[in-house]
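Enquirer: Could you look at this predicted model? Sequence included:
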Amino acid sequence: MIPVSLISVAIGLYVVVNASVFCLYGYDKHAARTGRWRIPESTLLGSALIGPFGAFGAMLLFRHKTRKRKFLLVPVFLMLHIIGILYLAGVPVLPVP
């Protein structure tokens, strides 16, 4: 069994990663509006892979990258993370025959 303190650290780290990704998307939206240097789309997608809650939240709040086809991967990443979290929590994800 994993110690409670380790779980708390993992959850805290996950929150920090998602908050950082949210800020990254927010900064890119600000840069787009002000004509500044932009963050490459590959960096944004890579960060969405590890922090999809922050990326998806920023996409909705800032209306950023919502028309780009490749950014349809962000909700897919989000669903994969939700399934993984449910699995780690011991919740049956798929029906067992």
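Expert: Right, received. Where do you want to start?

Enquirer: C-alpha only now, for contacts and for neighbours.
Expert: Noted.

Enquirer: need the next SSE after the helix or strand where Gly26 lies, C-terminal direction.
Expert: According to DSSP states H and E, Gly26 maps onto helix 4-34. Downstream of helix 4-34, the first helix or strand assigned by DSSP H and E is helix 41-50.

Enquirer: what's in contact with that following helix?
Expert: Applying C-alpha atoms under 8 Å, 6 or more residues apart in numbering, the external contacts of helix 41-50 come out as 17-18, 21, 24-25, 54-56, 71, 73-74, 77.

Enquirer: From those, list just the buried residues.
Expert: 17-18, 21, 24-25, 54-56, 71, 74, 77 (16 or more other C-alpha atoms under 10 Å).

Enquirer: Check pLDDT for those residues and point me to the minimum.
Expert: The member of these with the lowest pLDDT is Phe71, at 93.

Enquirer: tell me the secondary structure for that one?
Expert: helix (DSSP: H, G, I helix; E, B strand; the rest coil).

Enquirer: Ala48 versus that one, what's the distance?
Expert: Phe71 sits 9 Å away from Ala48, going by C-alpha to C-alpha, to the nearest Å.

Enquirer: now swap in Gly12 and tell me
Expert: 17 Å.

Enquirer: Any chance of the contacts of helix 41-50 in a markdown table with distance to Leu44 as columns?
Expert: What follows is these, written out as a markdown table (distance: C-alpha to C-alpha, whole Å):
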| residue | distance to Leu44 |
| --- | --- |
| Val17 | 13 |
| Asn18 | 12 |
| Val21 | 8 |
| Leu24 | 8 |
| Tyr25 | 7 |
| Gly54 | 11 |
| Ala55 | 8 |
| Phe56 | 11 |
| Phe71 | 9 |
| Leu73 | 11 |
| Val74 | 10 |
| Phe77 | 13 |
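
Enquirer: Closest to Gly84 out of those residues?
Expert: When the contacts of helix 41-50 are ranked by distance to Gly84 (C-alpha to C-alpha), Phe77 comes first, at 10.5 Å.

Enquirer: need the contact list for that closest one.
Expert: With contacts defined as C-alpha under 8 Å, 6+ apart, Phe77 is in contact with 48-49, 52.
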